[in-house]
Each structure stands twice: as structure tokens, then as C-alpha cells.
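Asker: show me how the following folds:
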Amino acid sequence: NSICIILFQSIFVAFFGVICAWIVTTYDFPFRRIIDLFLLLPLSIPPYIAAIAYGEIFDYSGYLQIFFRENISILSNIQLPNIRSLPGVIFIFSITLYPYVYIISRAAFSEISYSYSEIGKTLGLKQSSIFFKIFLPLAIFPIIGGIILSILESLNDFGTVQYYGVDTFTTGIYKTWVGLGDINLASQISIFFLFFIFLILFLQKKLFSNERINLKISITKKINLITSDKLKSAFIISFCSLPVILGFFIPFLFLIFNSMMSIEVLFLKDTIINSFNTILLATISSFIIIVLSLLINYSARIKGTRLNLFFNKLASLGYAIPGSIIAIGILIPFTYFDNFFINFFNENFNLNINAFFTGSIFVLCFAYIVRFFTISQTNIESSFYRISRNIDNTASVLGKKPIPILFNIHIPLMSLSILLTLTLIFIEIIKELSATLILRPFNFNTLAIQVYEYASEEKIIESSIPSLIIVVLCVIGILFMSKINNQLFNSGKR
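Answerer: Prediction:
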């Protein structure tokens, strides 16, 4: 099941992500800037929330089939495809994860010099041939990177496959640990799963490591976009709107409709508490990740020893590892530490103490740091690279020490990039389910856990308000990120 998911999902996310990125980068059509922003919005819909929405819409007892039976006699006996299946999981991942490919492809196409397109036209190539023969080969490496990123996200997912009843590595780990209580078998499955992920990354590295492209980068911000007539514009808008409608607007409208009905049913106190827990965890973990990333990268910049470089690379592995594996990997050593301290105090001081690490906020935040540190590491590292070392040397000559240089020079110069990274990590932590489900303290829930528990009990209406809060928080984050991104572009920093 996992292999089928990543195979077909890769095809669909590449199809929507690459083509939409090429259209928005190349053509001038009405509402282009709005559609460019809208194509990012499915990132705000976690796959498990989209799965709940489409499950309720397309099930036999769902809104669509009930509408057909009651209002359209011709379609009363129609049997829609079962959404709670492997193809249904592939569909959900495709419409919610394509923005990973879109964002990277959009950036790659924008950076390729416009002169390549002019040379293609001079040689008599049509626009489609310019895309397939010039731009696609030049941007293939970042596109593959975006596809790999979407694969890692789908492999990390637990809520979607669990809700649709499709067994994957992630559900196997969770059922073995929580259902059977066998952490040893869960560890064995995790090791095999980890080997499977590293095999994917190794094949990507092996296949593309020897390939090199000397690319002329576009240094002009204004590019002559291709004008399109009314018919072509209508087709372009329809095509680019399709993944947005499927990935964002249908689930979002479903949540709004159900939320209006659930206000009378839902006890809002729990949702308010869980919202506070979610925002608190995301805020604390995000700031810790940013601080650690700044310290690690700055220490490597000051003195690039092998130890610093080793920790720099080691810290970047977390995002490739699914949350369920990270949770199991963290749980085993911390459980050992807890047992050691309990036995030590009991035998030497005759004191019965409770477990300190297991089931604590500390362990949960630690899992978030391990899982999402790569996001911060990549962005902060690239931000440091963009700052000339001559600035450090000048400050040192003027008597400034490393720490003041970091706070007075580097952080102000990187402020927009730091805010962008902080917002992205905040969004990812809000949506995180698999690690939170295993490591959360007793009687401590987040919005994602509340949605999962209600959905597991088929309380779909009750799950709408916490789901809507997650989506709204993520939409605000994406709009904020888009604004920062535009400022970075306009300031010439990126």
C-alpha cells in the first residue's frame, strides 16, 4: 500500500504542481496573482481533515449520494467509487500535497533566465516544446526534490490512512505499539520503515548526484509574459483552479457548513483549551528550533570544525523520518531513563517518584524539534550563506565579539527569513498528528488529536470546529508567509 501511494501520488502531484507552476510563471491571464496565492492554500488543509470532508461527502450515507437519491431519480441508483480505499487515499494526498511541488517548481522556473525561452523561439520551437525540451530538464532536480518532499509527508501521515482503513507502515507502527502494547515489534517495523525511507533518499542521491547543470540565472525581475486570448485564459484559469477547489475550497466550505451546525452540539470549553495547548506547543517548539538552528549554523560559520559540520548534517535528517518512528525512537531511551531514576531513588532513598520524561510536554517538544529542525536548518543555513564574511571580519576588526555580531548584525539581516521559517514550522506543528498521538501527556490534547478522536468515533459534525480552527490558523500563516516572501523578493535578498 505504501509503495502504491507514493508511486501514484508522485505522478499526480508532479502533474498539478509542475504544470500550474509553468502556467503561472509563463502566461499573463486575469487573476494571475490571486491564483498564484490560491495554489498555496491546500497546504493549510491537513490531509486527515480533507479525508474526513471527502468521506462525508462521497460515502453512501454522505451528502452527495443522499442528494442524488432524494432529488434526481435518474441518479438515485448510482454507485460512486468507494472513497475509503487506496485510490481515495492517493486522491487526498494528491490534492493536498501538490503545493510542495508547485512552490519549488515555481521558484525554479522563475530563476531560469528568460534568454533560454528566446533562444528556443529563435530555433522555431513552440511553447510546449520549450517547456519539455528546455525548462523541464533544467528544473528537473528541484522538481524531484519537491516530489520527494511530498512522498515524505504522505509516508508520515497517519490520520488519512487510518480513517480510510488503508494499512501502511505508519498505521502498523501505531497499532503494534498502542493496540498490542508491543514496543519491540513496533521498533522492528520502524527500523524496516526507516530503511525503506533511506532507500528512497539514497536512490535519489545516486541517480542525480553525478548530474550537473550550469544554469544561467535570471537577474531581471520583469519578464515578458505571454498574453493569452479569452478562450485560452478561461482554460488556464479553470485548470489552475481545479486543484485549489478540490484541495481547499470543498473541504473548507464543508467545515464551515458543519461548524454552523455543531455550535449547538459542541462543548466549546474543550476546543478552547486544545487551541491554547496547540498554539503554546507550536510557539515554544518553533522558537527553540530557531534558536538551536541559529547557534549550530553560527558556530559552524565561526569555526567549521568536523564536529560542527557533523552535527550540522546530523540535525538535518529529522524531516526525512516520519513522526511515528521519531516517537518510538524517543520513547525507548526516555522510558529507560525514567525506569533508571525510579529504581535509583527507590533503592537508595526509599522514595517513590513518578516518571519524569515519559508522557511529558518535554518529550513532545523534543519530538517536534527532531522532526522539524530540518526546515529551520535549511533556511537559516542559506540565510547565513547570503551574508558576506567580510561583514564578520569588519565587525571583528572593530572589536565586536561573536555573540554581539550575531545579535547586532546577522539576526537583523536575516529577520525576514527567520520570520518566514518560524511561521512555516508553526504551521507544520499545528498539523502534526502521528508523533503527538503517541507521545502526548495524559489528559492533554491538541486540536489535531481532538479532530482524530471525534473522527474515530464518527462524530464528524463535532470535529468541524477544531478542524476549522486548524485551517484558519494555517491560512493566516500562509498569507503571512506570502507577504514575507514578497518582501524578500522585492528587497533583492532572494
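
Asker: quick check, pLDDT for residue 206.
Answerer: Note for residue 206: predicted pLDDT of 69.

Asker: no wait, residue 398
Answerer: Residue 398 is given a pLDDT of 83.

Asker: end to end on stretch 59-66, go ahead and measure it.
Answerer: From its first residue to its last, stretch 59-66 covers 9 Å (Cα to Cα, to the nearest Å).

Asker: name the helix or strand of this structure that has the lowest mean pLDDT.
Answerer: helix 306-314 (a mean of 65; mean pLDDT, DSSP states H and E).

Asker: let me know whether residue 250 touches residue 49 as I believe.
Answerer: No: taking contacts as Cβ atoms under 8 Å, residue 250 lies outside contact range of residue 49: 11.5 Å. For every residue, glycine as well, the C-beta is placed using N, CA and C.

Asker: look at these two and report which has more neighbours.
Answerer: Shown here are residue 250 and residue 49; by other Cβ atoms under 10 Å, residue 49 has more neighbours (33 against 17).

Asker: now that one: how far from residue 292?
Answerer: The gap separating residue 49 from residue 292 is 30 Å, by Cβ to Cβ, to the nearest Å.

Asker: now the strands for the stretch 151-300 of the chain?
Answerer: 226-227 (DSSP state E, counting those that start in this stretch).

Asker: which residue ranges of it form helices?
Answerer: Here the stretch 151-300 of the chain has its helices, by DSSP state H, counting those that start in this stretch, at 159-163, 169-174, 183-208, 230-244, 250-262, 268-302.

Asker: which other helices and strands contact the third one?
Answerer: Under the contact criterion of 3 or more Cβ pairs under 8 Å, 6 or more residues apart in numbering; DSSP states H and E, helix 183-208 touches helix 140-156, helix 169-174, helix 323-349.

Asker: list the buried residues for the next helix-or-strand element following the last one?
Answerer: Using DSSP states H and E, the next helix or strand after helix 323-349 towards the C-terminus is helix 361-385. When neighbours are counted by 16 or more other Cβ atoms under 10 Å, the buried residues of helix 361-385 are found to be 361, 363-377, 379-381, 383-384.

Asker: show me what contacts the nearest residue to residue 18 once chain neighbours are set aside?
Answerer: The shortest distance from residue 18 to any non-neighbouring residue, by Cβ to Cβ, 6 or more residues apart in numbering, is to residue 105 (5.0 Å). Residues in contact with residue 105 (Cβ atoms under 8 Å, 6 or more residues apart in numbering) are 17-18, 21-22, 139, 142-143, 146.

Asker: can you check the pLDDT for residue 320?
Answerer: pLDDT at residue 320 comes out at 67.

Asker: please begin residue numbering at 39 from this point
Answerer: Yep, numbering from 39; the last one is residue 358 now.

Asker: the residue positioned nearest the centre of the chain sits in which helix or strand?
Answerer: Centroid-nearest residue in the chain: residue 466, 5.8 Å away (criterion: Cα atoms, centre = their mean). According to DSSP H and E, residue 466 maps onto helix 453-469.

Asker: would you tell me what the next helix or strand after that helix is?
Answerer: Once the chain leaves helix 453-469, the next helix or strand it forms, by DSSP H and E, is helix 472-477.

Asker: who touches that following helix?
Answerer: Helix 472-477 has contacts (Cβ under 8 Å, 6+ apart) with 194-197, 208, 212, 215-216, 360-362, 364-366, 368-369, 397, 401-402, 405-406, 409, 484, 486-487, 490.

Asker: my read: residue 56 touches residue 181, true?
Answerer: Yes: judged on Cβ under 8 Å, residue 56 makes contact with residue 181 at a distance of 6.0 Å.

Asker: okay, those two: which has more neighbours?
Answerer: The neighbour comparison of residue 56 against residue 181 (other Cβ under 10 Å) goes to residue 56, with 26 against 19.

Asker: if I look at the residue lying closest to the residue nearest to the centre of the chain once chain neighbours are set aside, how far off is residue 313?
Answerer: Leaving aside its sequence neighbours, residue 466 sits nearest to residue 410 (Cβ to Cβ, 6+ apart; 5.4 Å). The gap separating residue 410 from residue 313 is 20 Å, by Cβ to Cβ.

Asker: how about low-confidence regions in this structure?
Answerer: 113-114, 151-152, 215-216, 219, 242-261, 302-305, 342-358, 525-532 (pLDDT under 70).

Asker: what's the burial count for residue 329?
Answerer: Considering only other Cβ under 10 Å, residue 329 is surrounded by 11 other residues.

Asker: just checking, residue 221 touches residue 368?
Answerer: No: judged on Cβ under 8 Å, residue 221 makes no contact with residue 368 at a distance of 11.9 Å.

Asker: so which of those two has more stuff around it?
Answerer: Using other Cβ under 10 Å, the more surrounded residue of residue 221 and residue 368 is residue 368, with 21 against 15.

Asker: name all residues that make contact with the closest residue to that one other than its chain neighbours.
Answerer: Once flanking residues are discounted, residue 368 sits nearest to residue 405: 5.4 Å by Cβ to Cβ, 6+ apart. With contact set as Cβ under 8 Å, 6+ apart, residue 405 has these partners: 361, 364-365, 368, 473, 477.

Asker: against residue 44, how distant is residue 405?
Answerer: Taking Cβ to Cβ, one finds residue 405 at 23 Å from residue 44.

Asker: residue 109 now?
Answerer: Relative to residue 44, residue 109 is positioned 39 Å away (Cβ to Cβ).

Asker: count of residues packed around residue 106?
Answerer: Neighbours of residue 106 under the rule other Cβ under 10 Å: 16.

Asker: got it, and residue 457?
Answerer: Residue 457 has 17 neighbours, counted by other Cβ under 10 Å.

Asker: with residue 364 instead?
Answerer: 23.

Asker: how about residue 300, nearest residue that isn't a chain neighbour?
Answerer: That would be residue 499: by Cβ to Cβ, 6+ apart, it lies 4.5 Å from residue 300.

Asker: hmm, back to that, okay, the helices and strands packed on helix 221-246, which one's buried deepest?
Answerer: Most buried of these by mean neighbour count (mean count of other Cβ atoms under 10 Å) is helix 207-212; its value is a mean of 23.

Asker: I'd like to know which elements it is packed against.
Answerer: Short answer (3+ Cβ pairs under 8 Å, 6+ apart): helix 207-212 packs on helix 178-194, helix 197-201, helix 221-246, helix 361-387, helix 472-477.

Asker: what sits against residue 522?
Answerer: Per Cβ under 8 Å, 6+ apart, neighbours of residue 522: 454, 457-458, 461.
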